[in-house]
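>>> 3D, please:
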Amino acid sequence: METMAPAPVARRAGRLRRIAVSATAILVALVLTLYLGISTYAASILTMPQRDATVNTPATFGARFEEVRFPARGGDVDIAAWYLPQPDASRAVILVHGKDSSRSTEFQGRFSEFAARLHERGFVVLMIDLRGHGASGDARFSFGLAERRDILGAVDWLMAQGFRAGSIGVLGVSMGAASAIGAAAEDPAIGALVADCSYAEIAPLMQRHWSTASGLPDIFLPSTLFMGRFVLGMDLTTAQPVTEIDDIAPRPVLIIHGSADAFTPVEHGRALAAAAPDAEYWEVPGAGHARSYETDPQQYVDRVASFFRRHLRGVEN
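Numbers count the residues shown, from 1 in each chain. Below is the predicted model:
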């Protein structure tokens, strides 16, 4: 006959099991809280842009400019800009830098040089600082989802100065290019677009650079993106210029991408070109990320100026 365990022993074993279950539940809750806490902190820190000090202004390269400010479309943040006026000019180009850069520091500090060269070709130029960057109002970045409204605010400001729909072009670099694609897809007043080293979609880049940017293992990426929805109020993975670029047609688009871009691989530029079959595609041999201008400044200015002159509506069009 099987021997029954004494009642006190059985009760003690039951209490130990309950204690073990409770301890396990508490440990799981603590680990989950720590996991989500780290993810929330990462989402908060990693969506805060860096602000660069001014390096060069257009005056450094002989171009007269004015400091202007205007609201992003929707009025949620003020945008700082440099305006390079041009007597009797009827075509304007908005220049848009990338993440953690500015109107001053893009193109390795040569963005103002490029602006001055465009200005010499007869274009009015408006160089903006995206939200949270340079001298613009505080904001987190969203890989183009909100930044497009900064560009649209610049369009509104230029139209208030008398420029008409179709006479305004945009050149964006990196995140600025992704933002410009979204802006042009939303507003037909943008007559032509140049997208330099844009990503086709942000999710693969997040995965590619996550550990380096955050110092955290890949397991924290999904939770950080999830918590980012609460920090920003939007899903960053929906930043997918490749799904928007064809909406710009029939307006002209020039896609520029360096063949040696290690940050946003050239496959992104090719994917954008495939999604917009009517777009011009210029793959710059040997150019790294945002370094196509540096590779051959004269060729870059010639190509961009010719594109905008052909496609923006001037008074003679």
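
>>> so where does the nearest residue to residue 217 once chain neighbours are set aside fall, helix or strand?
Leaving aside its chain neighbours, residue 217 sits nearest to residue 211 (6.7 Å; criterion: Cβ to Cβ, 6 or more residues apart in numbering). Any C-beta I mention is one placed from the backbone N, CA and C, and that applies to glycine too. If you go by DSSP states H and E, residue 211 is part of helix 202-214.

>>> quick one, the following helix or strand past that helix and helix 202-214 angle?
Note on helix 202-214: by DSSP H and E, the next helix or strand toward the C-terminus is helix 220-232. Angle of helix 220-232 versus helix 202-214, following axes from the mean of the first three to the mean of the last three Cα atoms, to 10 degrees, is 100 degrees.

>>> Which helix or strand lies directly C-terminal to the lowest-mean-pLDDT helix or strand in the chain?
Ranking every helix and strand in the chain by mean pLDDT, DSSP states H and E puts helix 7-46 at the bottom, with a mean of 69. Moving toward the C-terminus from helix 7-46, the next helix or strand (DSSP H and E) is strand 66-71.

>>> Check which helices and strands that next one sits against.
Strand 66-71 sits against strand 78-84, helix 148-160, with contacts defined as 3 or more Cβ pairs under 8 Å, 6 or more residues apart in numbering; DSSP states H and E.

>>> switch the cut-off to 10 Å
Applying 3 or more Cβ pairs under 10 Å, 6 or more residues apart in numbering; DSSP states H and E, we find strand 66-71 packed against strand 78-84, strand 124-128, helix 148-160.

>>> Pick the most buried one from those.
Stretch with highest mean neighbour count among those: strand 124-128 (a mean of 27; mean count of other Cβ atoms under 10 Å).

>>> and that strand, what other elements does it pack with?
Other helices and strands packing on strand 124-128, by 3+ Cβ pairs under 10 Å, 6+ apart, are strand 66-71, strand 78-84, strand 92-96, helix 111-120, helix 148-160, strand 168-173.

>>> try 6 Å this time
Applying 3 or more Cβ pairs under 6 Å, 6 or more residues apart in numbering; DSSP states H and E, one finds that strand 124-128 contacts strand 78-84, strand 92-96, helix 111-120.

>>> contact partners of stretch 81-91?
Contacting residues not belonging to stretch 81-91 are listed as 58, 63, 65-66, 68, 119, 122-128, 167, 312, 314-315 [Cβ atoms under 6 Å, 6 or more residues apart in numbering].

>>> what do you get for stretch 19-28?
Against stretch 19-28 from outside (Cβ under 6 Å, 6+ apart): no residues.

>>> In that stretch, which residues are buried?
Judged by neighbour count (16 or more other Cβ atoms under 10 Å), stretch 19-28 contains no buried residues.

>>> Quick check, central residue of the chain?
In the chain, the C-alpha nearest the mean C-alpha coordinate belongs to residue 175, at 2.4 Å (Cα atoms, centre = their mean).

>>> What is the neighbour count of the residue lying closest to that residue once chain neighbours are set aside?
Leaving aside its chain neighbours, residue 175 sits nearest to residue 99 (4.2 Å; criterion: Cβ to Cβ, 6+ apart). When counting by other Cβ atoms under 10 Å, one arrives at 19 neighbours for residue 99.

>>> tell me the contacts of residue 121?
Contacts for residue 121 (Cβ under 6 Å, 6+ apart) come out as residue 305.

>>> Pass me the low-pLDDT residue ranges in the stretch 151-300 of the chain, would you?
In the predicted model of the stretch 151-300 of the chain, residues 232 satisfy pLDDT under 70.

>>> secondary structure element for residue 254?
strand 253-258.

>>> thinking again about what came up before, quick check, the residue nearest to residue 175 in contact with residue 176.
No. Residue 99 is beyond contact range of residue 176, at 8.2 Å (criterion: Cβ atoms under 6 Å).

>>> Please look at residue 155 and residue 191 and confirm they touch.
No. Between residue 155 and residue 191 there is no contact under Cβ under 6 Å: 10.2 Å.

>>> can I see the domain layout of this structure?
For the chain, the structural domains run 1-46+207-238, 58-201+239-311, going by automatic domain parsing.

>>> Nearest to residue 52, out of the ones you listed?
Across those, residue 52 has its closest neighbour in domain 58-201+239-311 (4.4 Å, Cβ to Cβ).

>>> Good, wrapping up.
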